[in-house]
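[1] Below: sequence and its predicted model.
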Amino acid sequence: MKSFRLATALFALTASVAFAENPMVGGAAMYDTKNIVENAVNSADHTTLVAAVQAAGLVETLQGAGPFTVFAPTNDAFAKLPAGTVENLVKPENKDTLVKILTCHVVGKAVLAEALQGMIKDDGGKHPVPTLGGCTLQATYEGDMMKLTDEQGNVASITIADVIQSNGVIHVIDTVMLPAM
């Protein structure tokens, strides 16, 4: 009986650790067995991002093997843009601009927060993060919050870090990152 209780306790501990590795995002559990798109479509906080990824034709790419790091802006992040911006960007004639903006949120390798924090520290408080869109974000650490600054000076906070995916990792951010224009 004692070994059964020990096994049960170990199972419960393992289950709680597994859950901690797969945080809830936008009211949905994120699973490390699903890819970036499969998880993102379930997040109520990322419907605008998912629609933009679909309009840009990037679904297949983000379902690919990766690994990718995606800095995923929330619906509220997109809402900070000037009125009409999102509606304009998802028009077919603006696809190239939309692809550029979205790929400025994607890194071609999986980078966990702890590793990024180490790079920031090693670089004296600021680390350049080159993206697949050709943008370079500047990562910093302020108090207990990791920040990203885009090429226009917009600053995003990473509000949920290390959302592990089968093909990389998502870090939820509160501001859309924009390339230099």
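    The structure has been received and is ready for your questions.
[2] Scan the chain for its longest strand.
    In the chain, taking DSSP state E as the definition, the longest strand is strand 155-165.
[3] And the helices in the protein?
    All helices of the chain, identified by DSSP state H, fall at 2-21, 36-40, 47-56, 59-62, 75-79, 85-89, 95-103, 113-122.
[4] tell me which residues of the last one are tucked away?
    For helix 113-122, the neighbour count (16 or more other C-beta atoms under 10 Å) marks 113, 116, 120 as buried. Where you see a C-beta, it was placed from the backbone N, CA and C, and this is true even at glycine.
[5] Please tabulate those in TSV, including the columns pLDDT and distance to Pro82.
    Putting the buried residues of helix 113-122 into TSV (pLDDT from 0 to 100; distance: C-beta to C-beta, whole Å) gives the following:
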residue	pLDDT	distance to Pro82
Ala113	90	30
Leu116	92	30
Ile120	94	30
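[6] between those residues, which is nearest Thr61?
    Nearest to Thr61 among the buried residues of helix 113-122 is Leu116, at 22.3 Å by C-beta to C-beta.
[7] And the closest residue to that closest one other than its chain neighbours, how close does it get to Leu58?
    In space, and not counting its chain neighbours, Leu116 is closest to Ala139: 5.7 Å by C-beta to C-beta, 6 or more residues apart in numbering. Look at Ala139 and Leu58: by C-beta to C-beta, to the nearest Å, they are 23 Å apart.
[8] From Val37, how far off is the residue nearest to Leu116?
    24 Å.
[9] In the chain, where is pLDDT below threshold?
    Scanning the chain for pLDDT under 70 picks out the ranges 1-22, 24.
[10] and with 80 instead?
    Within the chain, the ranges that satisfy pLDDT under 80 run 1-29, 31, 181.
[11] about what we covered before: could you redo the buried residues of helix 113-122 as CSV and give each row distance to His171?
    Below are those laid out as CSV (distance: C-beta to C-beta, whole Å):
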residue, distance to His171
Ala113, 7
Leu116, 8
Ile120, 14
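[12] ok, of those, which one's closest to Val106?
    After measuring the buried residues of helix 113-122 against Val106 - C-beta to C-beta - the closest member comes out as Leu116, at 14.6 Å.
[13] For Val107, which residues are in contact?
    Shown in contact with Val107 (C-beta atoms under 8 Å, 6 or more residues apart in numbering): 68-71, 129-132.
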